[in-house]
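> sequence plus the predicted model coming up.
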Amino acid sequence: MNKNTNFKFYFGLLVMVTMLFPSYSLAMNDPVTDSPYRKAGNFIFISSQVPINPVTHKLVSSDVNQQVRQVLENLREKVIESGAEMKDVIKLTLYLEDIDSVFPVVKEYIPQYFEPPYPARSPVPGLSFGKTGFKIAIDAILYVNQENQGNSL
């Protein structure tokens with residue numbers, strides 16, 4: 001297998017484990033069983049957010065618009081939980097099932113969640129999320145100016 005195939009396989013495996021064992025879901029607020037975010041100096045790294053409703057622990061919908069919205073809502077919750085703000089997000093990695101159908105939707109939602117200058121975005125297309133029904137997952141890197149955040153970091 002080449003590197004891209006290995007990545008797709010292991011990412012798909014991670015997503016399937018998350019679906020099969022919701023207590024380990026990245027979308028849940030359980031710091032004992034997962035690491036939804038990690039602080040390192042002025043940086044915060046947020047683990048991949050998936051289109052799972054954090055209350056029901058189920059896929060929000062098969063509709064790409066609803067999935068993108070849910071992923072961005074989950075991301076916003078983790079940003080707030082980490083003590084940061086959406087304006088602190090500097091980089092998004094977008095894991096996409098199909099770049100042609102999902103990336104345009106993401107571009108429509110970016111202005112609803114972020115202000116200019118928008119975060120840098122790196123789409124990773126062609127991922128198979130297996131039987132999960134996911135069309136997208138997003139992880140983020142934030143930079144928080146400690147002077148503006150007091151002693152929150």
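Done, it's in.

> so residue 94, which state does it fall into?
strand (DSSP: H, G, I helix; E, B strand; the rest coil).

> what's the spacing between it and residue 71?
Applying CB to CB, to the nearest Å, the value for residue 94 to residue 71 is 9 Å. All C-beta atoms are positioned from the backbone trio N, CA, C, and that covers glycine.

> which of the two has more neighbours?
residue 71 (26 against 20; other CB atoms under 10 Å).

> what about the more buried one, which helix or strand?
Using DSSP states H and E, residue 71 falls within helix 64-81.

> got a list of contacts for that helix?
27, 29, 36-37, 44, 46-47, 49-54, 59-61, 85-86, 88-89, 101-102, 105-106, 109, 112-113, 134-138, 140, 142 (CB atoms under 8 Å, 6 or more residues apart in numbering).

> now do stretch 114-127
8, 11-12, 86-87, 89-99, 103, 106, 110-111, 140.

> let's see it at 6 Å
8, 86, 89-97, 99, 103, 110 (CB atoms under 6 Å, 6 or more residues apart in numbering).

> measure that stretch end to end?
25 Å (CA to CA, to the nearest Å).

> mind listing what's buried along it?
114, 119, 127 (16 or more other CB atoms under 10 Å).

> distance of the first one relative to residue 55?
With distances defined as CB to CB, the gap from residue 114 to residue 55 amounts to 24 Å.

> I'd say residue 91 and residue 141 touch.
Yes: here residue 91 reaches residue 141: they are 4.1 Å apart, a contact under CB atoms under 6 Å.

> what count of nearby residues applies to residue 83?
Neighbour count for residue 83, taken as other CB under 10 Å: 17.

> what does residue 102 give?
By other CB under 10 Å, the residues close to residue 102 number 21.

> one more: residue 37?
By other CB under 10 Å, neighbour count at residue 37 equals 20.

> same check, this time on residue 68
Neighbour count for residue 68, taken as other CB under 10 Å: 26.

> how far away is it from residue 55?
Counting by CB to CB - residue 68 and residue 55 are separated by 19 Å.

> returning to that earlier point: which of the contacts of helix 64-81 are buried, as a ChimeraX select command?
Here is the ChimeraX command that picks out the buried ones among those, judged by 16+ other CB under 10 Å:
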select :27,36,37,44,46,47,49,50,51,52,54,59,60,86,88,89,102,105,106,113,134,135,136,137,138,140,142
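
> so among the contacts of stretch 114-127, which ones count as buried?
8, 86, 89, 90, 92, 94, 95, 96, 97, 103, 110.
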